[in-house]
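Novice: The following comprises the amino acid sequence and a computationally predicted model.
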Amino acid sequence: MPINHIIVLDNRPEGEATVNNFKLITAPTPELQEGQVLVKHHYLSLDPYMRGRMSAAKNYAQPQPLNEVMIGGTVGEVLESKHPKFSPGQTVQCMGGWQAYSVINANTPGALKRVNAEEISISHYLGAVGMPGVTAWYGLNKIIQAKAGMTVTVSAASGAVGSAYGALAKARGCKVVGIAGGRAKCDYVVKELGFDACVDYKEHTDYIALSKALKEACPNGIDGHFENVGGMVLDAVMLRANDFARIAVCGMIAGYNGEPLPMTNPTLILKSRMAIEGFIVSEHMEVWPEALAELTALVASGQLKPRESVAQGLEAAPEAFIGLLKGHNFGKQLVKLI
């Protein structure tokens, strides 16, 4: 069995997360027991939800334990198997964590999934055709309830969730407006992803100015919004929201370091009779097959062209993760491990 390289959470952040919260260690890979599979990871997914798990504060899931491998989705190759449904050479997806190898109990439902390495790039199974894509699908369909003719918006539009959201919304006949940071990201959102418009939040110093820009991009108001950021962005969107607008809240990255995120005009929820709903996509596994089928078709046909930021080597994961939290990534943030 190979020697494993592992990144563990060494200490919890106080304020901003830093690379010093993590530690790289080596350890022997345990011998396989019946029902287990040894996976060599090719790609590791880095996602904003990991920041919440690093803290001991109340969250929707248990905190990441100290001195244990950081949680994270992976895609890779079966090296050895003691399970009848898996054999060496197969490409699989699992929650392998921040490490080179993982031993997975394949008898646990959903723990290990085979993926098609020929249809699309295997890295997309961690982004557009994985958890981020299904997150976009659920928010758009089940919370916003998108229909043709609606104007819908999404923050962090150039990211893994935002890009999938745009393709899905366009397929339903919606007008889609993104919110992203920087001209390069906004150009990508419009020219490559096919959004109708994109507003650069970095060009605006407060929510009033951002709201005016959204009014120009959405002259008929906003019917549905997908929130990844919170703070000033959500305040600006709420000013432009139509009566009975629906807002799906997936993330609040503006407050992931512990900053308070007060809502400037909460009375708009009542005045506009808005529906605002937070959700965790792992609590809705019943929609995954349908969502993944549509997302696979969009990527395979070229209707969704996911962009990826790829860091090289496991040791680069902490710095890449900190960059993700600061918006330095362009598209889905991955770490290539081979």
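Specialist: Looks like it came in fine.

Novice: how about residue 202, secondary structure?
Specialist: helix (DSSP: H, G, I helix; E, B strand; the rest coil).

Novice: ugh, wrong one, I meant residue 44
Specialist: Secondary structure, three-state DSSP: residue 44 is strand.

Novice: So that it lines up with my notes, have the first residue be 599 from now on.
Specialist: Yep, numbering from 599; the last one is residue 642 now.

Novice: does it have beta-bridge partners, and which?
Specialist: Listed beta-bridge partners, residue 642: residue 672, residue 933 (assigned using DSSP bridges).

Novice: Which residues are in contact with it?
Specialist: By C-beta atoms under 8 Å, 6 or more residues apart in numbering, the residues touching residue 642 are 670, 671, 672, 694, 696, 724, 912, 915, 932, 933, 935. Backbone N, C-alpha and C define where each C-beta goes, glycine included.

Novice: so residue 711 bridges to which residues?
Specialist: Here residue 711, judged by DSSP bridges, has bridge partners residue 691.

Novice: burial of it, as a residue count?
Specialist: 14 (other C-beta atoms under 10 Å).

Novice: That one against residue 691, yeah?
Specialist: Yes: Residue 711 lies in contact with residue 691 (C-beta atoms under 8 Å); the separation is 4.8 Å.

Novice: Give me the contact list for stretch 621-640.
Specialist: 599-606, 608, 672-681, 684, 690, 692, 694, 697-705, 710, 720, 912-913, 934-936.

Novice: ranges for the helices of the stretch 699-848 of the chain?
Specialist: Assigned by DSSP state H, counting those that start in this stretch, the helices in the stretch 699-848 of the chain fall at 729-736, 758-769, 781-789, 805-815, 830-838.

Novice: Keeping just the C-alphas, turn the longest one into CSV.
Specialist: Pointing back at helix 758-769 there. Taking C-alpha atoms only, helix 758-769 is exported to CSV below (Å, rounded to 0.1, in the frame of the first residue of the first chain):
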residue,chain,number,x,y,z
ALA,A,758,-18.8,26.9,-10.8
VAL,A,759,-22.4,27.4,-9.5
GLY,A,760,-23.0,30.7,-11.3
SER,A,761,-21.9,29.4,-14.7
ALA,A,762,-24.1,26.4,-14.5
TYR,A,763,-27.0,28.5,-13.3
GLY,A,764,-26.7,30.7,-16.3
ALA,A,765,-26.8,27.8,-18.8
LEU,A,766,-29.7,26.2,-17.0
ALA,A,767,-31.7,29.5,-16.9
LYS,A,768,-31.1,30.3,-20.6
ALA,A,769,-32.3,26.8,-21.5
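
Novice: what's the angle between it and helix 781-789?
Specialist: With axes from the mean of the first three to the mean of the last three C-alpha atoms, to 10 degrees as the basis, helix 758-769 and helix 781-789 are set at 30 degrees to each other.

Novice: How many neighbouring residues does the closest residue to residue 754 other than its chain neighbours have?
Specialist: Excluding the flanking residues, the one nearest residue 754 by C-beta to C-beta, 6 or more residues apart in numbering is residue 826, at 4.0 Å. Residue 826 has 26 neighbours, counted by other C-beta under 10 Å.

Novice: OK, contacts around residue 826?
Specialist: The neighbourhood of residue 826, defined by C-beta under 8 Å, 6+ apart, consists of 646, 752, 753, 754, 757, 759, 760, 848, 849, 851.

Novice: Please report phi then psi for it.
Specialist: phi -110, psi -10 (degrees, to the nearest 10).

Novice: what ranges of the stretch 649-798 of the chain fall below the confidence cut-off?
Specialist: Within the stretch 649-798 of the chain, no stretch has pLDDT under 70.

Novice: right, and residue 766 touches residue 736 too?
Specialist: No: assessed by C-beta under 8 Å, residue 766 is found out of contact with residue 736, at 10.2 Å.
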